[in-house]
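Peer 1: here are the coordinates; sequence isn't available:
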């Protein structure tokens, strides 16, 4: 039988073709896969972004380690392009060594206002509310308004804090409240007045924000707490957040809050640190950091769902609606404050309560958000320092304008956000800033150096970005004005500043004089059996008593009591003035008819003068009711 014989070389060649064909197919498949990966899978920026994310996390960790001696308890969450950095440090209760954990409840303080502005824009989206309409349209006819100017107030003015209302330091936080009032009752009873015409001055206003929340109630037909629960908390599944002033809307939060303590910047326990906020929408929200993270994620989402039905609404929320005067720098975006940063499109809110501090900022364009919660009063190392790390320091664009002579802005400035009536307006004396020229183009504000970026714009590197910019402008009433993040500062003439402080200092001298005279009189009465000049001695005792009463009022006002609690003590000051006028009249008569030595006459006359100074101070600073 014939059998074809194949030469070994031929066999190798045929086998080699088979291997070659197999390799070619493999190579072609690999090339196709590589091309597809380059086209659709490989993103040269992804590796870069990952490296940036790691670098950012390292910076954050190093910063927290550097300042760990300044922290009581801290929870911070950063969302960077969908990646989450979650850091917890310290103790929710230092005395009992309770570590901060995922179930630690923090107070949001004024970060709570973000819920108000979301609610407002939800109703705008539904066509139930208009930002440019007079708010009187939405308020009941019998609502006791605080307005005094004829110019209308719009919702936009409330969001910009330009409605013209002053502030109040009473009834903001109440320790051991005995009653629970409706939001309407709280607003109507608030010790607030409209001081400035609408849209003239930015003065951060809790009352304005509370009024906006009440309008949400009126327009929606729901109690504000119920509205937020149904339209924000439940859609976001925020089950560990409460907004009621007594946390009665979330029993779990109420119990957890009892486990947390608040501390000063020196980590001293603040007692008491548990209280209620009658105007609760402006600062009562509290909950865990992971719950607040859900709100942060929703505001970073492309379409803003589930908070908004239309993508346009979430974009509008973060578009600037108010700019600094005379300068094209954003200031407010629908209730959210502009944070000076490298990207220059960061908006959000900070908050401070009796024992907690917080911050919440969003950069929708870069898809970065950060929240910081601490149980420290007036804290800034973390609430301001961490956002600066995340968003970068403010960088001012190049400007070809010539710099100005900075001497025109010298002077003393006082925040527009102050009580402008009642005894608590004396607090403004301690909040004034002194601006003086530094070189020919720069400024010193108190102890901070501000460099001129361009005419009217000054920046300091001595503080965090949140406080970095000061902008100066001319004002029709106060001649010049200093503007920063939360409030305008109005120019105070030197004569007014020195007269007010002079009156206070003379008042203190009056008290020292009465104290000295009382001691001398008692000493002489005991040891030398000298005759007691009853009218004179009575006046000195009255002066000391009224001073003690004023100190008591100041102390109790800072201890979170209501204004109604202070009324009897304020009334006593008025009684003092009446009795003093009568008593001083008798003293004057005695001076005229009684033969006195030169020394005694001087003492009697000085008693009258110092008593008048005390009365003038009481009347000027409204320490009466």
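Peer 2: Structure received. Fair warning: this is a prediction, and the values are worked out from it, not measured in the lab.
Peer 1: from here on, just use CA atoms for contacts and neighbour counts.
Peer 2: Will do.
Peer 1: chain neighbours aside, what residue packs nearest to residue 267?
Peer 2: Nearest residue to residue 267, sequence neighbours excluded (C-alpha to C-alpha, 6 or more residues apart in numbering): residue 72, at 6.3 Å.
Peer 1: next, count neighbours for the one you found.
Peer 2: 26 (other C-alpha atoms under 10 Å).
Peer 1: relative to residue 602, how far out is it?
Peer 2: 57 Å (C-alpha to C-alpha, to the nearest Å).
Peer 1: surely residue 314 touches residue 303?
Peer 2: Yes: assessed by C-alpha atoms under 8 Å, residue 314 is found in contact with residue 303 at 6.9 Å.
Peer 1: with neighbour numbers in mind, choose between those two.
Peer 2: Taking neighbours as other C-alpha under 10 Å, residue 314 and residue 303 compare with residue 314 leading, 24 against 17.
Peer 1: ok, now which ones touch the more buried one?
Peer 2: 299, 303, 304, 308 (C-alpha atoms under 8 Å, 6 or more residues apart in numbering).
Peer 1: buried subset of the residues you listed, written for PyMOL?
Peer 2: With 16 or more other C-alpha atoms under 10 Å as the criterion, this PyMOL line picks the buried residues out of those:
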select buried, resi 299+303+304+308
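Peer 1: residue nearest the centroid of this structure?
Peer 2: Centroid-nearest residue in the chain: residue 351, 4.4 Å away (criterion: C-alpha atoms, centre = their mean).
Peer 1: picking that back up, which of the contacts of residue 314 lies closest to residue 173?
Peer 2: residue 299 (29.1 Å; C-alpha to C-alpha).
Peer 1: please, which helix or strand holds that closest one?
Peer 2: helix 289-300 (DSSP states H and E).
Peer 1: contact partners for residue 417?
Peer 2: By C-alpha under 8 Å, 6+ apart, residue 417 lies in contact with 166, 167, 202, 203, 204, 205, 487, 488.
Peer 1: kindly recompute the last result at 7 Å.
Peer 2: The contact partners of residue 417, by C-alpha atoms under 7 Å, 6 or more residues apart in numbering, come to 166, 167, 203, 204, 487.
Peer 1: in a markdown table: these, plus neighbour count and distance to residue 210.
Peer 2: A markdown table is the format used below for the contacts of residue 417 (neighbours: other C-alpha atoms under 10 Å; distance: C-alpha to C-alpha, whole Å):
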| residue | neighbour count | distance to residue 210 |
| --- | --- | --- |
| 166 | 24 | 13 |
| 167 | 27 | 12 |
| 203 | 24 | 14 |
| 204 | 26 | 12 |
| 487 | 20 | 18 |
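Peer 1: inside strands: which ones of the residues you listed?
Peer 2: Applying DSSP state E to these, no entry is found in strands.
Peer 1: what's the domain layout of the protein?
Peer 2: With domains defined by automatic domain parsing, the chain comprises 61-391, 406-492, 496-620.
Peer 1: as JSON lines, the ones you listed with distance to residue 399 and mean pLDDT would be great.
Peer 2: Below are those laid out as JSON lines (distance: least, C-alpha to C-alpha, whole Å; pLDDT from 0 to 100):
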{"stretch": "domain 61-391", "distance to residue 399": "12", "mean pLDDT": "95"}
{"stretch": "domain 406-492", "distance to residue 399": "7", "mean pLDDT": "93"}
{"stretch": "domain 496-620", "distance to residue 399": "36", "mean pLDDT": "91"}
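Peer 1: return the set of buried residues in the longest helix that the chain contains.
Peer 2: The longest helix of the chain (DSSP state H) is helix 494-527. By neighbour count with 16+ other C-alpha under 10 Å, helix 494-527 contains the buried residues 500, 503-504, 506-508, 510-511, 513-515, 517-518, 521.
Peer 1: mind putting those in TSV, distance to residue 338 included?
Peer 2: Listed next are the buried residues of helix 494-527 as TSV, based on distance: C-alpha to C-alpha, whole Å:
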residue	distance to residue 338
500	35
503	39
504	38
506	43
507	42
508	42
510	47
511	47
513	51
514	52
515	52
517	56
518	56
521	62
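Peer 1: hang on, the earlier thing: surely the residue nearest to the centre of the chain meets residue 110?
Peer 2: Yes: using C-alpha atoms under 7 Å, residue 351 makes contact with residue 110 at a distance of 4.2 Å.
Peer 1: show me the helices in the stretch 51-200 of the chain, by range?
Peer 2: Counting by DSSP state H, counting those that start in this stretch, the segments of the stretch 51-200 of the chain that form helices are 113-125, 155-160, 183-189.
Peer 1: same for the longest strand seen in the chain, what does it pack against?
Peer 2: Longest strand of the chain, by residue count under DSSP E: strand 83-93. Counting contacts by 3 or more C-alpha pairs under 7 Å, 6 or more residues apart in numbering; DSSP states H and E, strand 83-93 packs against strand 73-80, strand 98-99.
Peer 1: looking at those strands, which is closest to residue 621?
Peer 2: strand 73-80 (39.1 Å).
Peer 1: can you list the neighbours in contact with the closest one?
Peer 2: Counting by C-alpha under 7 Å, 6+ apart, 84-92, 100, 289, 293, 367-375 sit against strand 73-80.
Peer 1: list the residues that contact residue 108.
Peer 2: 283, 285, 286, 351, 358.
Peer 1: so how far is residue 286 from it?
Peer 2: Look at residue 108 and residue 286: by C-alpha to C-alpha, they are 5 Å apart.
Peer 1: what's the answer for residue 542, then?
Peer 2: Separation of residue 542 from residue 286 (C-alpha to C-alpha): 46 Å.
Peer 1: and the two? which has more neighbours close in?
Peer 2: Taking neighbours as other C-alpha under 10 Å, residue 542 and residue 286 compare with residue 286 leading, 25 against 18.
Peer 1: picking that back up, deepest-packed of the helices and strands packed on strand 83-93, please.
Peer 2: strand 73-80 (a mean of 24; mean count of other C-alpha atoms under 10 Å).
Peer 1: how about the secondary structure of residue 608?
Peer 2: Put simply, residue 608 is helix when judged by DSSP: H, G, I helix; E, B strand; the rest coil.
Peer 1: would you confirm that it contacts residue 583?
Peer 2: No: proximity of residue 608 to residue 583 does not meet the contact threshold set by C-alpha under 7 Å, at 9.7 Å.
Peer 1: quick one: which of the two has more around it?
Peer 2: Applying other C-alpha under 10 Å to residue 608 and residue 583 shows that residue 608 carries more neighbours, namely 23 against 16.
Peer 1: returning to that earlier point: which of the domains of the chain sits closest to residue 55?
Peer 2: domain 61-391 (9.9 Å).
Peer 1: and the closest one, how far out from the chain middle?
Peer 2: 9 Å (C-alpha atoms, centre = their mean, to the nearest Å).
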